[in-house]
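Asks: Quick one: sequence plus predicted model below, questions after.
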Amino acid sequence: MELFQRLAEGHAAGITVVTPNPRLSRALISEFDSFQAAKGLTAWEAPDILPFGAFVERLWEDALYSELGDKLPLLLTPAQERLLWQQVIASSREGKDLLFTETAAVHCGDAWRLLHQWRVGEGRGNEDHSAFSEWVKQYEKQTLGDIDSARLPDLVAGLLDKLKKPRRLLAYAFDILPPQTREFFNACRRHGIEVTEVKPETTKTSSIRTSFPSGKEELECAAKWARARLEEGRARIGVVVPQLAQRRKEVVRVFSRVMQPGYSLPGAENAPLPFNVSLGEPLSNYPLVDAALGLLELSFHSVEFARASKLLRSPFLAGAESEMARRATLDARLRRNLGATVALSK
């Protein structure tokens, strides 16, 4: 592969590869390692392959620790961005009618990034559009003197003449370039960086379209299809599942049953499953972490009664076993006397 041959020259070649997403960066690094190992090498320079967002952030960090540092705005973390959106929404007139401001904050952050990526201008819309426009104005006021990931490429593009830059920048597998990304690459070209768009090697294939009565049957068939390909000795098999975050447990259950029957039977060998789900499970799904996060949340905010009840009966709190009956009695009493939300002050 020509790309790997160029990367094999090492950092002296001055090549940086940027990809649209982190998963593709990891896959490309893994393929490069296999390419080098196949040549009989035991050690080699790690290639400079990273997602576009991480590349822009690295340039910002270089500027931050240079003589420009005292003039640069601080970069908000994703958690800080989400909290600011949540505060803006909760304090607004429209936000008072929302049950879940956390979810609205996530959607606002996504919309904010799309606005900048695709250079979406102001326009007229429905009530949702009007509410979002007001939230954007308040968010911009809250972030004066700071910068977020959505606006960072525009900031860094104006600093390129003062930064240390790679000689060659390979934009790998960008099927669609949003205007903001294209403008950033053009700015790189103006400042002497050789920017090349590289497409993955294409292979001849065929496609078949079919339908199923339900999503469950479709998932079962996909698992059987994947197993058949695995038995044929295929090296790489991929299944794309819409809404994977919501269906992750179902996907793992179905693929485990089809790919490794009997995996959950008593006495079954605890062997690794022959598939990988690209979407990791959130830390908050682990009971111990969920209990710790719940305690922190209850310490500073009101929480839903169901959340407080779960904490009261949590096995991770000291004395959970010896006080089980008394905590259950207290929980029943609180259920009768308290409202839908609970705070420590109550």
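Replies: All right, it came through fine.

Asks: can you give me the strands for the stretch 201-346 of the chain?
Replies: Along the stretch 201-346 of the chain, counting by DSSP state E, counting those that start in this stretch, strands occupy 303-304, 341-342.

Asks: cool, the stretch 51-200 of the chain as well?
Replies: 74-75, 146-147, 168-172, 194-198.

Asks: by how many degrees do the third one and strand 194-198 diverge?
Replies: Orientation of strand 168-172 against strand 194-198 (axes from the mean of the first three to the mean of the last three CA atoms, to 10 degrees) gives an angle of 20 degrees.

Asks: Give me the distance between residue 300 and residue 231.
Replies: Per CB to CB, to the nearest Å, residue 300 is found 54 Å from residue 231. In this view, the C-beta of every residue, glycine as well, is placed from N, C-alpha and C.

Asks: cool, residue 161 as well?
Replies: 57 Å.

Asks: Then residue 120?
Replies: Going from residue 120 to residue 231 by CB to CB gives 48 Å.

Asks: Then residue 49?
Replies: 33 Å.

Asks: the more surrounded of the two?
Replies: Per other CB atoms under 10 Å, whichever of residue 49 and residue 231 has more neighbours is residue 49, with 24 against 8.

Asks: Would you confirm that that one contacts residue 27?
Replies: No. Applying CB atoms under 8 Å as the test, residue 49 and residue 27 come out as separate, 9.7 Å apart.

Asks: all helices of the stretch 101-250 of the chain, in order?
Replies: 101-117, 127-142, 152-157, 179-190, 215-231, 244-259 (DSSP state H, counting those that start in this stretch).

Asks: Quick check: which of those is buried the most?
Replies: When those are scored by mean count of other CB atoms under 10 Å, the highest mean neighbour count falls to helix 152-157 (a mean of 20).

Asks: what sits up against that one?
Replies: 56-57, 59-60, 63, 72-73, 75, 116, 147, 163, 180-181, 183-184, 187 (CB atoms under 8 Å, 6 or more residues apart in numbering).

Asks: Out of those residues, flag the one nearest to residue 252.
Replies: Checking the contacts of helix 152-157 against residue 252 by CB to CB gives residue 57 as the nearest, at 32.0 Å.

Asks: Determine which stretch of the strands of the stretch 51-200 of the chain is the most buried.
Replies: Taking mean count of other CB under 10 Å, strand 168-172 is the most buried of the strands of the stretch 51-200 of the chain, at a mean of 19.

Asks: what are the pairing partners of that one, and which direction each?
Replies: strand 15-19 (parallel), strand 194-198 (parallel) (DSSP bridges).

Asks: ok, back up a step: output the helices of the stretch 101-250 of the chain in a markdown table, with mean pLDDT and distance to residue 2 appended to each entry.
Replies: Output for the helices of the stretch 101-250 of the chain, formatted as a markdown table (pLDDT from 0 to 100; distance: least, CB to CB, whole Å):
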| stretch | mean pLDDT | distance to residue 2 |
| --- | --- | --- |
| helix 101-117 | 95 | 29 |
| helix 127-142 | 94 | 44 |
| helix 152-157 | 98 | 28 |
| helix 179-190 | 98 | 20 |
| helix 215-231 | 95 | 28 |
| helix 244-259 | 93 | 33 |
